[in-house]
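>>> Compute the structure for the input listed below.
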Amino acid sequence: MVEALTSLLAEPGFLAALAVGFVAQLLDGSLGMGFGVLSYTLLSSTGLDPRSVSATVNAAKIVTGAAASAAHVKEGNISGSSLWRLALGGIAGALIGSLILISVNGDQLKLFVNLYLLLVGILVLWRARRPRRSGAPETGKPRHVVIGLFGGILESLAGIWGPFVTSSLIERGGTPRYVVGASTVCETIVAVTVSLVLVGNLGLSAVSGLALGLVGGALVAAPFAARLTRTLPTGIAVICIGVLVIVTSLMRLAQQLL
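Next up, the predicted model:
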């Protein structure tokens, strides 16, 4: 046991994964985005195959997402039947995206996705100037299925769920607290779907040991992130989400183009 732990700690990138897991989950749990983007960027820099990167990030998200979801339920950040519409769309998108990832090179798609997300981030910041509602977001809208569908595809291809789903719902008038809570729960469900498809086709070897580092750091951050969501003023949350989307989109564009 001790030897296994020592070997794990000595693995290149493990401590970095631990730190990234903590920071990423703090952002993801409080703003509904960040874990996949930062984790995907870290793992991509290690030279892992894109399929292994997706499998590793989503495997980690199963554990971190479950912890974050439980924390959001405890803090009362879950509201509305739109949760299930978002989840159903996400599952369908995850299946489609995973099959695409296995058979097609998605680099060109990622470029257009990041350009779109950059635009979304700007729109979110612009929307932050408007007066906002204090209640839960509207429910029962077909748009949740569509947003979940594209979010599931992007999650499996590029580790993007929150930047697309959370920012899209926020930009359409959703209250950050409830949007983040629902997005976190659905992201966990999508991560399970993606992991099952990728591991089923590629085997467990597709999941890097760095997933344990991501999980370790994230589990420490999860309770603090959910509480921050409940107490963070709506206006500040919207601005933070917009800035985070813009910054991470620019990071990913730079990684692709440079």
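
>>> Tell me which residues are up against stretch 60-77.
Residues from elsewhere that reach stretch 60-77 (Cβ atoms under 8 Å, 6 or more residues apart in numbering): 21, 25, 28-29, 35-36, 39, 78, 177-178, 180-181, 184-185, 187-188, 191-192, 195, 211, 214-215, 218-219, 222-223, 225-227, 229-230. Placement of C-beta: from N, CA and C, glycine included.

>>> how about 7 Å then?
Residues outside stretch 60-77 that contact it (Cβ atoms under 7 Å, 6 or more residues apart in numbering) are 25, 28-29, 35-36, 39, 78, 177-178, 180-181, 184-185, 187-188, 191-192, 195, 211, 214-215, 218-219, 222-223, 225-227, 229-230.

>>> Which of the residues you listed fall within helices?
Mapping those onto helices (DSSP state H) picks out 25, 28-29, 35-36, 39, 177-178, 180-181, 184-185, 187-188, 191-192, 195, 211, 214-215, 218-219, 222-223, 225-227, 229-230.

>>> Helix or strand: which one has residue 53?
helix 50-75 (DSSP states H and E).

>>> and the angle from that helix to helix 210-231?
30 degrees (axes from the mean of the first three to the mean of the last three Cα atoms, to 10 degrees).

>>> where does helix 50-75 sit relative to the chain's centre, distance-wise?
Taking Cα atoms, centre = their mean, to the nearest Å, one finds helix 50-75 lying 8 Å from the centre of the chain it belongs to.

>>> Likewise for stretch 207-225?
Using Cα atoms, centre = their mean, the offset of stretch 207-225 from its chain centre is 13 Å.

>>> export it as CSV, just CAs?
Included here for stretch 207-225 are C-alpha records, laid out as CSV according to Å, rounded to 0.1, in the frame of the first residue of the first chain:
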residue,chain,number,x,y,z
VAL,A,207,-7.7,6.1,-18.0
SER,A,208,-4.5,7.6,-16.7
GLY,A,209,-3.4,7.4,-13.1
LEU,A,210,-3.5,11.2,-13.0
ALA,A,211,-7.2,10.9,-12.6
LEU,A,212,-6.6,10.0,-8.9
GLY,A,213,-4.7,13.3,-8.5
LEU,A,214,-7.6,15.3,-10.0
VAL,A,215,-10.0,13.5,-7.8
GLY,A,216,-8.0,14.0,-4.6
GLY,A,217,-7.7,17.7,-5.0
ALA,A,218,-11.3,18.1,-6.1
LEU,A,219,-12.8,16.2,-3.2
VAL,A,220,-11.2,18.7,-0.8
ALA,A,221,-12.6,21.7,-2.7
ALA,A,222,-16.2,20.4,-3.3
PRO,A,223,-17.9,21.5,0.0
PHE,A,224,-16.4,25.0,-0.1
ALA,A,225,-17.4,25.5,-3.8
